[in-house]
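Asks: Everything below, folded, please.
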Amino acid sequence: MKIRELRAADATRCAELESQLFAGDNPWPRDVFLVEFNHPWTFYWGVFDEELLVGYAGVAMLGPREDPEFEVHTIGVDPAYQGRGLGRALMDQMVHAADAVDAQMFLEVRTDNGPAIGLYEKYGFTVLATRKNYYQPSGADAYTMARKSLSESRSEK
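Replies: Predicted coordinates for the structure are as follows:
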């Protein structure tokens with residue numbers, strides 16, 4: 001397995017995985033991935049088994065350069081590869097990007113997605129609020145979660 005930055009040629013496979021993983025909640029099509037890959041303040045990585053993309057994740061850096069925050073846009077792992085630590089490897093990439101500039105992180109996750117919530121909690125994310133009917137068309141609720149910056153975490157100790 002290897003991790004590398006995603007390229008335009010990977011967008012079709014990302015969309016295929018997205019449609020499997022988020023079928024009831026408006027999965028991103030290929031063209032959305034292409035736009036995201038080309039935005040100057042987004043970072044997308046993929047996990048590859050040989051040449052097959054089996055996991056992907058993306059994060060955006062938002063806010064002013066001197067006080068940025070990061071928002072996790074997406075993370076997904078092929079069902080056939082789940083449970084092998086690939087989600088953790090992708091989270092490592094996103095957290096490293098935020099930590100490199102001492103930034104907070106935010107994300108939304110379905111309230112019924114226990115494995116994802118558990119993963120995020122291991123990285124220090126906590127629930128801030130619940131967004132009712134956030135995911136469409138399913139109407140599923142989402143938690144908004146946040147992870148403090150390194151300096152915020154250190155100052156609390």
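Asks: quick one: the strands in the chain?
Replies: Secondary structure of the chain by DSSP state E: the strands cover 2-5, 42-49, 52-62, 69-77, 104-110, 126-131, 142-147.
Asks: quick one: the fifth one to strand 69-77, angle?
Replies: Between the axes of strand 104-110 and strand 69-77, defined by axes from the mean of the first three to the mean of the last three C-alpha atoms, to 10 degrees, the angle is 40 degrees.
Asks: residue ranges with poor pLDDT in the protein?
Replies: Residue ranges of the chain with pLDDT under 70: 157.
Asks: about what we covered before: how about the strands of the chain, which one is nearest Trp28?
Replies: Closest approach to Trp28 among the strands of the chain (C-beta to C-beta): strand 69-77, 7.0 Å. All C-beta atoms are positioned from the backbone trio N, CA, C, and that covers glycine.
Asks: now the closest one: how far from the chain's centre is it?
Replies: How far strand 69-77 lies from its chain's middle: 2 Å, per C-alpha atoms, centre = their mean, to the nearest Å.
Asks: Can you name every helix or strand that it contacts?
Replies: If you count contacts as 3 or more C-beta pairs under 8 Å, 6 or more residues apart in numbering; DSSP states H and E, strand 69-77 packs onto helix 11-21, strand 52-62, helix 86-100, strand 104-110.
Asks: okay, the ones you listed in TSV with mean neighbour count next?
Replies: Below are the helices and strands packed on strand 69-77 laid out as TSV (neighbours: other C-beta atoms under 10 Å):
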stretch	mean neighbour count
helix 11-21	18
strand 52-62	21
helix 86-100	18
strand 104-110	20
